[in-house]
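Structure, please.
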Amino acid sequence: MPTVKVRFAPSPTGELHIGGARTALFNLLFATGSGGKFLLRIDDTDLERSRADYIEKLLSAMSWLGLTWDEGPVYQSKRLDQYKEVAERLVTEGKAYYCYCSTTVLAEGRSEAKKDSKAYLYPGTCRNLREGQEESYRREGVAPVIRLRTPDEGTTVVKDIIRGEVEFDNTNIDDLIIIKSNGQPTYNFASIVDDLQMGVTHVIRAEEHLSNTPRQQLCAEATGQDLPVFAHVPMILAPDRSKLSKRHGATSVEEFHAEGYLPEALVNYMALLGWSPGAGGEEEIFSLAEMAKRFDLNKVTKTAAVYDVTKLSWMNSHYIRTYDLNKLTDATLPFFEAKGLIELPLQESEYNYLMQVIAVVRERAKTLVELAEISDYFFIDDFDYDEKGVKKHFQKENAGFYIRKAAEQLRTLESYDHNSIENLYQNLCEELEISLGRLIQPTRLAITGRNAGPGLFEIMFLLGQNKTIQRLEHAANIIESDQL
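Numbers count the residues shown, from 1 in each chain. From the prediction side, this is the model:
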């Protein structure tokens, strides 16, 4: 049995969509779990839409996700001689032919078919041209296409691991173009030629390519080579079961990255879009290595997977909580910089402070964007007080007096640490004969502007003695001057 070899073959005509990334992931999981190879191929023969910057973004997105390939990237645009050689051999063998029909004639045929509400099928006009007719076209300088001779009757049966046997009526498949008049191969021809020549054993791709498969299969059969095994994975739909689009939020890997999702979380989430790991109950958190051990194409569903940003965010929050702290800090740097909270590069002391802040707040963040947002008061003094908090805590009787008293007591602390601060607050509340909450809540609002957050004494310790006192005194001044 040949070694398993799979491929991911995106066209560089846009950013890497979550559906494409999921396809790449399934290929990698299958290859890794089977001890096989994963090939990255760039289908860049669409000269009008393919762009170099999209290739760069594609490679960057896959690397960020950790989807590493064993071979490639291979570029179709550098293999044009291979496609031409195979096509001309098929012509010599009588399995393909040169077609000289003009675009005008073809357009007229499509127009007539449209009037009759029929799908246009090329009628085979040039199938059996006499040698003299071909010579006449060549003298006129007509650049021909090459078409594959396809069966006029019967069915083409695609054997698919996920969908079983799918039949296609050959009367609905015309003599497809395999080489365009400009010498460029068509997608279906180049794709299967590459798969055959590169030893691809399994073609795992999106459901939308299923309709292309009979044409590719006919091309493969014409060359006399064995077919790869096909597996078409289900579509990813929006929550309303419509086609996933930008109106539903982020759809590309680059967008998820920019919104502060961690690569491991996105990969974990994508794996569960259409695949069930089976035994394991409600277990949903898997590393890439664990997924590869358990991945089975037979457990990929036929039905469309539904994208759920709530579940993705939950999963991301799990990874934020459990991520290596240094690694998480590095990942957050661009997000803190974007909010103007830090300036890169950081000094060692600044980096260590940021890491301490992240350790305290990360339990409450779902994304890295949110992580930066809920950390702002550790880096800026100019923040607004929450309006509900002002009414609930600052406008209570003696609120200004209490937090000023706390500031005075904090100034006397010789050892400013978590336990000392907590003991001071407990003793002060006993002295003032108030509940701990009467002091903690206005203190939190005074030093953070918020009603909720991490443990108050952790915040006070991280902010430092001077900054904490300054913020408490500032809030007391505002309360007592009735500027709220």
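
Restricting to C-alpha, output stretch 346-358 in PDB.
Taking Å, rounded to 0.1, in the frame of the first residue of the first chain, the C-alpha atoms of stretch 346-358 are listed here in PDB:
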ATOM      1  CA  LEU A 346       9.600  47.100  25.900                       C
ATOM      2  CA  GLN A 347      12.300  47.300  28.600                       C
ATOM      3  CA  GLU A 348      12.600  44.200  30.700                       C
ATOM      4  CA  SER A 349      10.900  45.800  33.700                       C
ATOM      5  CA  GLU A 350       8.000  46.900  31.400                       C
ATOM      6  CA  TYR A 351       7.700  43.400  30.000                       C
ATOM      7  CA  ASN A 352       7.600  41.900  33.400                       C
ATOM      8  CA  TYR A 353       5.000  44.400  34.600                       C
ATOM      9  CA  LEU A 354       2.800  43.500  31.600                       C
ATOM     10  CA  MET A 355       3.200  39.800  32.300                       C
ATOM     11  CA  GLN A 356       2.100  40.400  35.900                       C
ATOM     12  CA  VAL A 357      -1.000  42.300  34.700                       C
ATOM     13  CA  ILE A 358      -1.900  39.600  32.200                       C
END
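
Provide the contact partners of that stretch at residue level.
Applying C-beta atoms under 8 Å, 6 or more residues apart in numbering, the external contacts of stretch 346-358 come out as 325, 326, 328, 329, 332, 333, 336, 342, 371, 375, 378, 462. Any C-beta I mention is one placed from the backbone N, CA and C, and that applies to glycine too.

Next, format those residues as a markdown table and append neighbour count.
Output for the contacts of stretch 346-358, formatted as a markdown table (neighbours: other C-beta atoms under 10 Å):
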| residue | neighbour count |
| --- | --- |
| 325 | 12 |
| 326 | 11 |
| 328 | 20 |
| 329 | 21 |
| 332 | 25 |
| 333 | 17 |
| 336 | 25 |
| 342 | 20 |
| 371 | 23 |
| 375 | 24 |
| 378 | 21 |
| 462 | 18 |
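
out of these, who's nearest residue 270?
Closest approach to residue 270 among the contacts of stretch 346-358 (C-beta to C-beta): residue 328, at 20.7 Å.

Helix or strand: which one has the closest one?
helix 325-338 (DSSP states H and E).

so where do the strands sit in the stretch 201-350 of the chain?
Here the stretch 201-350 of the chain has its strands, by DSSP state E, counting those that start in this stretch, at 202-206, 229-233, 236-237, 305-306.

Mean confidence (pLDDT) on the helix or strand harbouring residue 56, please.
Secondary structure from DSSP H and E places residue 56 in helix 52-65. Helix 52-65 shows a mean pLDDT of 95.

picking that back up, got JSON lines for the contacts of stretch 346-358, with distance to residue 185 and pLDDT too?
Putting these into JSON lines (distance: C-beta to C-beta, whole Å; pLDDT from 0 to 100) gives the following:
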{"residue": "325", "distance to residue 185": "51", "pLDDT": "98"}
{"residue": "326", "distance to residue 185": "48", "pLDDT": "98"}
{"residue": "328", "distance to residue 185": "46", "pLDDT": "98"}
{"residue": "329", "distance to residue 185": "48", "pLDDT": "98"}
{"residue": "332", "distance to residue 185": "45", "pLDDT": "98"}
{"residue": "333", "distance to residue 185": "44", "pLDDT": "98"}
{"residue": "336", "distance to residue 185": "48", "pLDDT": "98"}
{"residue": "342", "distance to residue 185": "50", "pLDDT": "97"}
{"residue": "371", "distance to residue 185": "47", "pLDDT": "98"}
{"residue": "375", "distance to residue 185": "53", "pLDDT": "98"}
{"residue": "378", "distance to residue 185": "57", "pLDDT": "98"}
{"residue": "462", "distance to residue 185": "61", "pLDDT": "97"}
